[in-house]
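In: For reference, the sequence and a predicted model appear below.
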Amino acid sequence: MVMVGALVRGTSEGPAFASANCCGGVRPVSVRALRNASLALVPVRFGSHLQNARPPPSSRPVISVRAIGRHHIAALVATVVAVAGESQAQSTVAFTHVSVIDGMDSLPRRDRTVIVRGNRIVSVGRDRSARVPPGARVVDGRGKYLVPGFWDMHVHTAITGGRDLLALYIANGVTGVRDMAGDWATLTSWRREIAAGTLVGPRLVASGPYLEGGDVPIPHLLTRNAAEARAGVDSLIALGVDFIKVHSQLNAETYFAIARRARERGIPFAGHVPRAVGSASASDSGQRSIEHLLAIPAECTPADSIALAPRFTVQGALGRCSSEDLGPLYAKFVRNGTWVTPTFTAQYEVAVWPTRPVPGDSLAPYLPQSVRRYVAEIFPMPDSIPPNADSVGRAMFKKRLRQVGTMHRAGVHILTGTDAPLRNSPPGFGLHEEFQLLSQGGMTAFEVLRAATLEPAKYFGMLDSAGTIAPGKLADLVLLDANPLRDIRNTRRISAVMANGRLFAGPERERLLRAAVSGTR
């Protein structure tokens, strides 16, 4: 979300993209205070919530950025899966006569039977040779399409009323999310409940509080110099976070100290890119993903640079023009393994100002009044926006859509994310809008599906457990009534969702949606 009330001080970029993840007005915590509190509660080690703690960093070598993502996050997911699998009965479900689509092939595999036992896929075969186990629950997939569960790679769940919104992700086929800032105790509590099957919600990979160089009304550690940067990384590791999130107001000295310490400690870091650093240096420093296209220049002609100059400060968050050849920058992202999460659903709200309505308004009944009020407070329309300023915003937005298509064709890995829960990205629903926007930018339906399924699995280093429909993979699945490869909008036509082996079909899924609506009254 563009936080109008938290402009990036000392830059011309305008506001930082952030999101509604403040828990009752949480104030910033000093690095020293959190460090002392954390070390008293949790030994400094990798992911204290993991079953097997890793050796202290002094006894193991520094590993590469790609290896960090594979080892740290994959271990987290494996632990959560093990707990979830033990907590659920080993029921069997068979999807029969279904067309299977995943990121391995742009053509559907027709007439398949997919058998799930517990929370794992145990077999995928042709109907004529498949045997449905006695007592299995059979889901007739004739005329339907089975795809892997979707990931929203940029959300903020730990807000007031956020617990009741988690089921909306599942109802919309979003079986995994990457939470980009929030109260760590709240997030880990929800994660345990979801794994135990007592709370309906997606898999949660989370950063906890992020590292920031200025004051914002979101859980963060104030980090203003190299010493605080190192202490901040150590403190977050002590808490057990899954990765480190960096934000926009960090100065260059602090940012590079965070990057260095994260590499030394073997934990991935991702998030915003301060203008003082730039996207090229962020990529070279090992930043795992860049959010909102921040600090990535927009491809413009010299004439565009004049015509598309921001008409008001906040509009600058949509991007700044550059007539330089951006090919070398994209090649650097590919070489360094830097992913990009555009979050176009969030950017659209700024692009159309001073016009106010957005597509997500039709889904307002799914958001509690408390969430709507909170978003309105931290996302107000600035005063004195020039008339017709949206002509610049809309033009820049279209340029950015096309740019992501160009980046993808250059080999840059794109992730799907929404910055939920915003007006234009209610939990779960917003991801389908993001799919459509990426498609408008030039990505094919197959490429968009990969960005929501296979790419997150690659990003987390968990291809052995997720991302495709194959024996041994997690049973996170979405059954669609129409072919998404023909029209990406067909991802909205959901017949059933399976989350960690638990099936939500027909009335079961409808109950999730109705419960969300009733909770907003």
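Out: Right, received. Where do you want to start? Numbers count the residues shown, from 1 in each chain.

In: three-state assignment of residue 467?
Out: What DSSP: H, G, I helix; E, B strand; the rest coil gives for residue 467 is coil.

In: and the nearest residue to it once chain neighbours are set aside, how many neighbours does it have?
Out: If the residues on either side of it in the chain are set aside, residue 467 comes closest to residue 457, at 2.8 Å by Cβ to Cβ, 6 or more residues apart in numbering. Placement of C-beta: from N, CA and C, glycine included. Other residues near residue 457 number 24, with proximity taken as other Cβ atoms under 10 Å.

In: Pull the contacting residues for residue 457.
Out: 463, 465-468 (Cβ atoms under 8 Å, 6 or more residues apart in numbering).

In: again, but for residue 168
Out: 366, 426-429, 512-513, 516.

In: cool, and residue 441?
Out: Applying Cβ under 8 Å, 6+ apart to residue 441 gives the contacts 344, 400-405.

In: returning to that earlier point: of the contacts of residue 168, select the buried ones using a PyMOL command.
Out: Selecting only the buried entries of the contacts of residue 168 in PyMOL, with 16 or more other Cβ atoms under 10 Å as the criterion:
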select buried, resi 366+426+427+428+429+512+516
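
In: Okay, and which of the contacts of residue 168 map to helices?
Out: The members of the contacts of residue 168 that map onto helices under DSSP state H are 429, 512-513, 516.

In: Most widely separated two among the contacts of residue 168?
Out: Farthest-apart pair in these is 426 and 512; separation 13.4 Å (Cβ to Cβ).

In: Make JSON lines out of the contacts of residue 168 and add pLDDT.
Out: Output for the contacts of residue 168, formatted as JSON lines (pLDDT from 0 to 100):
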{"residue": "366", "pLDDT": "91"}
{"residue": "426", "pLDDT": "95"}
{"residue": "427", "pLDDT": "97"}
{"residue": "428", "pLDDT": "98"}
{"residue": "429", "pLDDT": "97"}
{"residue": "512", "pLDDT": "95"}
{"residue": "513", "pLDDT": "93"}
{"residue": "516", "pLDDT": "80"}
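
In: out of the contacts of residue 168, who's nearest residue 350?
Out: Taking Cβ to Cβ as the measure, residue 350 sits nearest to residue 426 out of the contacts of residue 168, at 17.8 Å.

In: quick one: the nearest residue to the closest one once chain neighbours are set aside from residue 140, how far?
Out: With Cβ to Cβ, 6+ apart as the criterion, residue 426 has its nearest non-adjacent residue at 4.6 Å, and that residue is residue 363. Using Cβ to Cβ, to the nearest Å, residue 363 is found at 30 Å from residue 140.

In: neighbour count winner among these two?
Out: residue 363 (18 against 12).

In: Tell me if the more buried one really is in a helix.
Out: Yes: per three-state DSSP, residue 363 lies within a helix segment.

In: ok, it touching residue 429?
Out: Yes: the pair residue 363 and residue 429 qualifies as a contact (Cβ atoms under 8 Å) at a distance of 5.0 Å.

In: Show the low-confidence segments of this protein, by residue range.
Out: Low-confidence segments of the chain (pLDDT under 70): 1-89, 519-521.

In: What residues does the most centrally placed residue in it make contact with?
Out: Most central in the chain under Cα atoms, centre = their mean is residue 153, positioned 1.2 Å from the mean C-alpha point. Residues in contact with residue 153, defined by Cβ under 8 Å, 6+ apart, are 177-178, 289, 341, 415-417, 456, 459.

In: how does it look with 6 Å?
Out: Shown in contact with residue 153 (Cβ atoms under 6 Å, 6 or more residues apart in numbering): 178, 341, 415, 417, 456.

In: Work out for me the element it sits within.
Out: strand 150-155 (DSSP states H and E).

In: Heading C-terminal from that strand, find the next helix or strand.
Out: Taking DSSP H and E, what comes next after strand 150-155 is helix 166-171.

In: Disregarding residues adjacent in the polypeptide, which is nearest to residue 191?
Out: Here the residue nearest residue 191, using Cβ to Cβ, 6+ apart, is residue 204, at 4.7 Å.

In: Helix or strand for that neighbour, just tell me which one.
Out: Going by DSSP H and E, residue 204 is part of strand 203-206.

In: How about exporting that strand as PDB, limited to the C-alpha atoms?
Out: What follows is strand 203-206, C-alpha atoms only, in PDB (Å, rounded to 0.1, in the frame of the first residue of the first chain):
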ATOM      1  CA  ARG A 203       0.600 -21.500   4.800                       C
ATOM      2  CA  LEU A 204       2.300 -18.500   6.300                       C
ATOM      3  CA  VAL A 205       5.900 -17.600   5.600                       C
ATOM      4  CA  ALA A 206       6.600 -14.300   7.400                       C
END
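
In: For it, give me every contacting residue.
Out: With contact meaning Cβ under 6 Å, 6+ apart, strand 203-206 is reached by 176, 178-179, 187, 191, 242.

In: and those as CSV, adding secondary structure, neighbour count and distance to residue 349?
Out: CSV is the format used below for the contacts of strand 203-206 (DSSP: H, G, I helix; E, B strand; the rest coil; neighbours: other Cβ atoms under 10 Å; distance: Cβ to Cβ, whole Å):
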residue, secondary structure, neighbour count, distance to residue 349
176, strand, 27, 25
178, strand, 27, 21
179, strand, 29, 20
187, helix, 23, 25
191, helix, 23, 29
242, coil, 27, 28
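
In: quick one: which two of those residues are the most distant?
Out: Using Cβ to Cβ, these span at most 13.8 Å, a distance reached by 176 and 187.

In: can you list the residues that contact the helix or strand where residue 431 lies?
Out: Per DSSP H and E, residue 431 falls inside helix 429-440. The set of residues external to helix 429-440 that reach it, using Cβ under 6 Å, 6+ apart, is 150, 152, 172, 174, 344-345, 359, 363, 401, 416, 418, 420, 448, 488, 491-492.

In: what's the angle between it and strand 150-155?
Out: 100 degrees (axes from the mean of the first three to the mean of the last three Cα atoms, to 10 degrees).

In: Tell me which residues of helix 429-440 come out buried.
Out: By neighbour count with 16+ other Cβ under 10 Å, helix 429-440 contains the buried residues 429-439.

In: And for the nearest residue to residue 446 once chain neighbours are set aside, the neighbour number?
Out: Leaving aside its sequence neighbours, residue 446 sits nearest to residue 106 (Cβ to Cβ, 6+ apart; 4.3 Å). Residue 106: 13 surrounding residues under other Cβ under 10 Å.

In: sec struct for residue 106, please.
Out: With three-state DSSP as the criterion, residue 106 reads coil.

In: I'd say it and residue 447 touch.
Out: No: in this structure, residue 106 is not within contact of residue 447 by Cβ atoms under 6 Å, at 8.9 Å.

In: Restricted to helices, list the contacts of helix 429-440.
Out: 344-345, 401, 448.

In: Could you export the residues you listed as TSV, including distance to residue 248 and neighbour count?
Out: Formatted as TSV, the ones in helices among the contacts of helix 429-440 follow (distance: Cβ to Cβ, whole Å; neighbours: other Cβ atoms under 10 Å):
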residue	distance to residue 248	neighbour count
344	19	27
345	19	30
401	22	20
448	27	24
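
In: Those residues: which two are farthest apart?
Out: Maximum pairwise distance among the ones in helices among the contacts of helix 429-440 (Cβ to Cβ): 13.4 Å, between 345 and 448.

In: about what we covered before: among the contacts of residue 153, which are in strands?
Out: Judged by DSSP state E, the contacts of residue 153 include 178, 341 as members of strands.

In: could you redo the contacts of residue 153 as TSV and give each row distance to residue 158?
Out: Compiled in TSV, the contacts of residue 153 are given as follows (distance: Cβ to Cβ, whole Å):
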residue	distance to residue 158
178	13
341	19
415	21
417	16
456	20
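
In: Out of the contacts of residue 153, who's the most crowded?
Out: Busiest of these [other Cβ under 10 Å] is residue 417, holding 31 neighbours.

In: and the residue nearest to that residue when sequence neighbours are not counted, how far is that from residue 140?
Out: Nearest residue to residue 417 in three dimensions, chain neighbours excluded: residue 154, at 2.9 Å (Cβ to Cβ, 6+ apart). For residue 154, the distance to residue 140 equals 36 Å [Cβ to Cβ].

In: Okay then, goodbye and thanks.
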